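> Compute the structure for the input listed below.
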Amino acid sequence: MGSGLAEQVVVAVPGPAGAERSSFPALGIGTSAIGGSFGPEDEAEALAVVRRAYELGVCMFDTAPIYGYGAAESRLGRALRDLPRGELIVSTKVGLLDAPPSLATKAGRALRAAATGD
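Sure thing, here's the model as predicted:
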């Protein structure tokens, strides 16, 4: 990967288990880099990083609307769209916005649309 995006990916360790899941993987991938938090990122490379992480066994992905004003959520949705949904965990943060509410709403809609194919 040319721009070093793979080196910028942050590994996340999940917090307490939720009500619907009794265990979480030990490792996950943070998506601030694919949203452009460290500078402009190539769309194809961002999707390739997420897909490669999945191929290597990563199934937990952490994102937030603040990462690239929704770019990370949208890219993550596109990267995960065709993967087995039951094998994936996607976490996000609420209330962590540095964008107008209308932009955050659009980002959430984009992520849902990408994940559901609508």
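> I'd guess Gly77 is in a helix, am I close?
Yes: the assignment for Gly77 by DSSP: H, G, I helix; E, B strand; the rest coil puts it in a helix.
> how much space between it and Ala26?
Gly77 sits 24 Å away from Ala26, going by C-beta to C-beta, to the nearest Å. Quick note: C-beta positions are derived from backbone N, CA and C, even for glycine.
> In a helix, Ala113, correct?
Yes: Ala113 forms part of a helix when assessed by three-state DSSP.
> circling back to that earlier point, please say which of Gly77 and Ala26 ends up with more neighbours.
A side-by-side neighbour count of Gly77 and Ala26, using other C-beta atoms under 10 Å, places Gly77 first with 21 against 9.
> Was I right to think the more buried one contacts Ala114?
Yes: Gly77 is within contact range of Ala114, at 2.9 Å (criterion: C-beta atoms under 8 Å).
> just checking, Thr92 touches Ala64?
Yes: taking contacts as C-beta under 8 Å, Thr92 lies within contact range of Ala64: 5.6 Å.
> Next, the nearest residue to Ser91 once chain neighbours are set aside: phi, psi?
In space, Ser91 comes closest to Asp62 once its chain neighbours are excluded; the distance is 4.8 Å by C-beta to C-beta, 6 or more residues apart in numbering. Torsion angles at Asp62 (phi, psi; degrees, to the nearest 10) stand at phi -110, psi 130.
> And Ile29, by the same measure?
Dihedral angles (degrees, to the nearest 10) for Ile29: phi -130, psi 130.
> ok, it - how many residues close by?
Ile29 is flanked by 23 other residues according to other C-beta under 10 Å.
> now Lys93
Counted by other C-beta under 10 Å, the residues lying close to Lys93 total 12.
> Overlap of the contact sets of Thr92 and Ala64?
Residues touching both Thr92 and Ala64 by C-beta atoms under 8 Å, 6 or more residues apart in numbering: Glu73.
> Quick check on those two: which one has the bigger neighbour count.
It is Ala64, of Thr92 and Ala64, that has more neighbours when counted by other C-beta under 10 Å, with 22 against 18.
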